[in-house]
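Visitor: Below is the sequence, then the predicted model.
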Amino acid sequence: MPRYAQTQTFFHKRVVKLECKHCMNILCWRGMRAILLADTSIELYSTDLPPPNAVEMSGDDYCTSNCDCHIRDLVCAGCGNQVGYHVTLPCRNCMESCNNGHFWMFHAPECKESERMDDSGSKLLIWGKLPPTHEDLQKLKEKTSKKRSIFPLYPVECIR
């Protein structure tokens, strides 16, 4: 079992929606507040899967001086501003340390956060109550088909 699945702390964190601070494009429906393990003064958001067509990868993979992970910058599909990065190949040390299994990271200063409510609309949604990605995206597709959406939702592709 992955180490992130062994801890209960992630299941009690609240789920947030993220918008691009520059153009208000939806970046993420399944966000979690996080900190950079290599520098705990840096606040981030992470997700297990961003909505289709919300962000695009930009440039080539690169590594940081902190670890051997391969990462690639993410830009907002709405305005092109850099909003985060995607860990395309996590290193062994990072996979063995405590992590939430999320490989899509958003820079906090580039995002506007709002709380996501549960289906009843009366309680904050927490990660332990969040539906699996395929179910969640289907629900979001149904909701946005009734309203005008700023991005189309497509069936989720399997990753990993």
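Guide: Everything's here; your move.

Visitor: Of all the helix elements in the protein, which one is longest?
Guide: Counting residues, the longest helix found in the chain (DSSP state H) is helix 133-146.

Visitor: which strands and helices sit next to that helix?
Guide: Packing partners of helix 133-146 (3 or more Cβ pairs under 8 Å, 6 or more residues apart in numbering; DSSP states H and E): strand 26-36. To be clear about C-beta, it is placed using only N, CA and C from the backbone, and glycine gets the same treatment.

Visitor: Would you give the sheet partners of the strand it packs on, along with the direction of each?
Guide: Strand 26-36 has the following strand partners under DSSP bridges: strand 16-20 (antiparallel), strand 39-47 (antiparallel).

Visitor: I'd like the mean pLDDT over the longest helix of the chain, please.
Guide: The pLDDT scores in helix 133-146 average 74.

Visitor: likewise stretch 9-28?
Guide: The model assigns stretch 9-28 a mean pLDDT of 92.

Visitor: I'd like the C-alpha coordinates of it written as CSV, please.
Guide: Taking Å, rounded to 0.1, in the frame of the first residue of the first chain, the C-alpha atoms of stretch 9-28 are listed here in CSV:
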residue,chain,number,x,y,z
THR,A,9,-4.8,13.2,7.8
PHE,A,10,-5.3,13.7,4.1
PHE,A,11,-8.9,12.4,4.3
HIS,A,12,-9.9,15.2,6.7
LYS,A,13,-8.6,18.0,4.6
ARG,A,14,-11.2,20.1,2.8
VAL,A,15,-11.7,20.1,-1.0
VAL,A,16,-11.3,23.4,-2.7
LYS,A,17,-12.1,24.7,-6.2
LEU,A,18,-9.4,26.8,-7.8
GLU,A,19,-9.7,29.5,-10.4
CYS,A,20,-6.9,31.3,-12.3
LYS,A,21,-6.3,34.6,-10.5
HIS,A,22,-5.7,36.3,-13.9
CYS,A,23,-8.7,35.2,-16.0
MET,A,24,-11.0,33.2,-13.6
ASN,A,25,-10.8,30.0,-15.6
ILE,A,26,-11.5,26.9,-13.6
LEU,A,27,-8.2,25.2,-12.9
CYS,A,28,-9.4,22.5,-10.5
